[in-house]
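**Student:** below are the sequence and a predicted model for it; my questions follow.
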Amino acid sequence: MLTARSHLFVPGTRADLMTKADRGPADVVVVDLEDAVPLPRKEEARETLAQWLASGPAGPVWVRLNPAEELAADLAALRPLTDRLAGVLLAKAEEPDVVAEAASLDRPLGLFLETAGAVLSAAALARLPGVTVLHLGEYDLAADAGLDPGEDEAELAWARAQVVFASAAARLAPPPAPVSTVVSDTARFLDSTLRAARQGFVGRMCIHPSQVLVVNDVFTPDAQRVADAEALLQRYDQALARGAGVLVDDSGRMVDEAVVRSARRVLAMSRPGPSRE
């Protein structure tokens, strides 16, 4: 999911919203079988999702699975339709055996870390078989750890860093930024998303369509950044052809493989096409 910018959640009981999200500007649709679906409607959500997936969505679809006792039923419902899924997300991931159960679906697997224990185990969870991306469930985490985050979200910075660094250490895709309940204050949501981008997140999970365009804008490099990245990569390739592993760019900056990786990421984020999942 490296080049996906926006990931829009929709409840598993609403096929109309799934279709609307699939046709909208979000890079990825995330159908939620967990928090957005009350317990008495879990089976209804599975049936609705299965019917909608069978209709052939146009874009990438991920599904957030329930943890614990509801997980087996989720997997059974999705197993016949795995070719329609870009991946699955396991809610409240913490126990390796439950992660292994979700991984048995043989699709890219994301883990939601939503407790203090899960965050402290982020490095180990990131290396479990099948795991491709980590997510931070900040609202559940705040409740679990007794945090009361302010507008600057400083209280969550340590947990965010754990997830970003665990992802990088395990060579996973950078994590998308966590959801925000701010849906009517665009300036505040923009500030929060820019902060998340500086902290190492790539893309963001959205819970409302109004958030999608803000996220897409933040995580889409402008034309100048793209042109600079393309020029740098061209010069780096030329340097490699001459047998040099580093070069000095026009601004006098030393360019090595680490700088080149950043340039490649810029280009990846500028092209969120059909392969964006």
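**Tutor:** Thanks, I have it.

**Student:** who does the top helix by length along the chain touch, helix- and strand-wise?
**Tutor:** As assigned by DSSP state H, the longest helix anywhere in the chain is helix 223-241. Helix 223-241 sits against strand 247-248, strand 254-255, helix 257-269, with contacts defined as 3 or more CB pairs under 8 Å, 6 or more residues apart in numbering; DSSP states H and E. For glycine as for every other residue, the C-beta is placed from the backbone atoms N, C-alpha and C.

**Student:** in that helix, which residues are buried?
**Tutor:** Using 16 or more other CB atoms under 10 Å as the test for burial, helix 223-241 gives 226, 228-229, 232-233, 235-236, 239.

**Student:** contacting residues for residue 43?
**Tutor:** If a contact means CB atoms under 8 Å, 6 or more residues apart in numbering, then residue 43 has residue 73 as its contacts.

**Student:** quick check: next helix or strand after whichever strand or helix holds it?
**Tutor:** Taking DSSP states H and E as the criterion, residue 43 maps to helix 42-54. Using DSSP H and E, the helix or strand that follows helix 42-54 towards the C-terminus is strand 61-65.

**Student:** quick one: closest of the helices and strands packed on helix 223-241 to residue 183.
**Tutor:** Of all those, it is helix 257-269 that lies closest to residue 183, at 24.0 Å by CB to CB.

**Student:** can you mark which positions in the closest one are buried?
**Tutor:** Here helix 257-269 shows 259-260, 263, 265-269 as buried, counting by 16+ other CB under 10 Å.

**Student:** and which of those residues is nearest residue 171?
**Tutor:** Comparing these against residue 171 with CB to CB places residue 265 closest, at 13.8 Å.

**Student:** returning to what we had before: please list the residues outside the longest helix of the chain that contact it.
**Tutor:** With contacts defined as CB under 8 Å, 6+ apart, helix 223-241 is touched by 221, 245-247, 249, 255, 259-260, 263-264, 266-267, 270.
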